[in-house]
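> sequence-free structure coming up:
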């Protein structure tokens, strides 16, 4: 099992309720993926950074809402999570790296 860091940049025009649901769904996704792939995943730390200015516009957005996660998972879980994050429309950017 490896340690991973995941940083998400969400659209700032999302409602608070929608943002919370999206962040909860992300954590549930890697926990769910870990259970179904006979691999393990567990959240170590969740850190919500809030709204910040972007260095450059992304999809016509100049601000982004940041969330950062540290978690332990098997490589299969990280690969599956990477695929699911690519199709999420409300995520402007994400970075998933092994720590």
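Looks like it arrived, so ask away. The shown structure was predicted, so the numbers you read here are calculated from the model rather than taken from an experiment. Numbers count the residues shown, from 1 in each chain.
> residue ranges of the strands in this protein, please?
With DSSP state E as the criterion, the chain has strands at 2-11, 41-58, 61-73, 91-98.
> Can you flag the weakest of the ones you listed by average pLDDT?
Ranked by mean pLDDT, those end with strand 41-58 at the bottom, a mean of 89.
> got the contact list for that strand?
3, 9, 12, 23, 27, 30-31, 33-34, 61-74, 77, 92-93 (C-beta atoms under 8 Å, 6 or more residues apart in numbering). To be clear about C-beta, it is placed using only N, CA and C from the backbone, and glycine gets the same treatment.
> and those, which are buried?
9, 12, 23, 27, 30-31, 33-34, 61, 64-67, 69, 71-74, 77, 92 (16 or more other C-beta atoms under 10 Å).
> picking that back up, just send the strands of the chain back as TSV, with distance to residue 19 too.
Below are those laid out as TSV (distance: least, C-beta to C-beta, whole Å):
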stretch	distance to residue 19
strand 2-11	6
strand 41-58	9
strand 61-73	7
strand 91-98	11
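> Relative to residue 82, which of those is closest?
For the strands of the chain, proximity to residue 82 was assessed by C-beta to C-beta; strand 91-98 is nearest, at 5.6 Å.
> Does residue 8 touch residue 66 like I think?
Yes. Residue 8 lies in contact with residue 66 (C-beta atoms under 8 Å); the separation is 7.0 Å.
> residues contacting residue 88?
Taking C-beta under 8 Å, 6+ apart as the test, what residue 88 contacts is residue 22.
> Number the chain from 573, please
From this message on, residue numbering opens at 573, which makes the last subject residue 660.
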